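Undergrad: just a sequence and a predicted model for now, questions to come.
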Amino acid sequence: MGLRIELDPGKCSGLGLCEAEAPELFEVQDDGSLTVLDERPSTDRRAECEAAVASCPTEALRLLED
């Protein structure tokens, strides 16, 4: 099984809390939009992913297993 990060751009407010938790996985652009740098991170990054998803106040991120 692998991990997949799903972003709902309509919910994202660009606060950058996810980037603070996992800067290798997320980057807030100059226009405030969020870029997921690695949509399919390795399972050894699960803790970082979960922390980033949990930090999102608008629930714009989800961590899925597939």
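TA: Arrived safely.
Undergrad: ranges for the strands of this structure?
TA: For the chain, strands defined by DSSP state E occupy the ranges 3-7, 26-28, 34-36, 61-65.
Undergrad: right, and these - which one's nearest residue 18?
TA: Distances from residue 18 to each of the strands of the chain were compared using C-beta to C-beta; the minimum, 4.4 Å, belongs to strand 26-28. To be clear about C-beta, it is placed using only N, CA and C from the backbone, and glycine gets the same treatment.
Undergrad: give me the buried stretch members for the closest one, please.
TA: If you call a residue buried by 16 or more other C-beta atoms under 10 Å, then strand 26-28 has these buried ones: 26, 28.
Undergrad: now for it, which elements pack on it?
TA: Helices and strands touching strand 26-28, by 3 or more C-beta pairs under 8 Å, 6 or more residues apart in numbering; DSSP states H and E, are helix 17-21, strand 34-36.
Undergrad: counting by contacts, list what the lengthiest helix in the chain packs against.
TA: Longest helix in the chain, counting residues (DSSP state H): helix 46-55. Using 3+ C-beta pairs under 8 Å, 6+ apart as the contact criterion, the elements in contact with helix 46-55 are strand 3-7, helix 17-21, strand 61-65.
Undergrad: ok, now which ones touch residue 28?
TA: Remark: with contacts taken as C-beta atoms under 8 Å, 6 or more residues apart in numbering, residue 28 is in contact with 14, 15, 16, 19, 34, 35.
Undergrad: likewise for residue 50?
TA: If you count contacts by C-beta under 8 Å, 6+ apart, residue 50 has them with residue 63.
Undergrad: any idea how far it is from residue 33?
TA: The gap separating residue 50 from residue 33 is 23 Å, by C-beta to C-beta, to the nearest Å.
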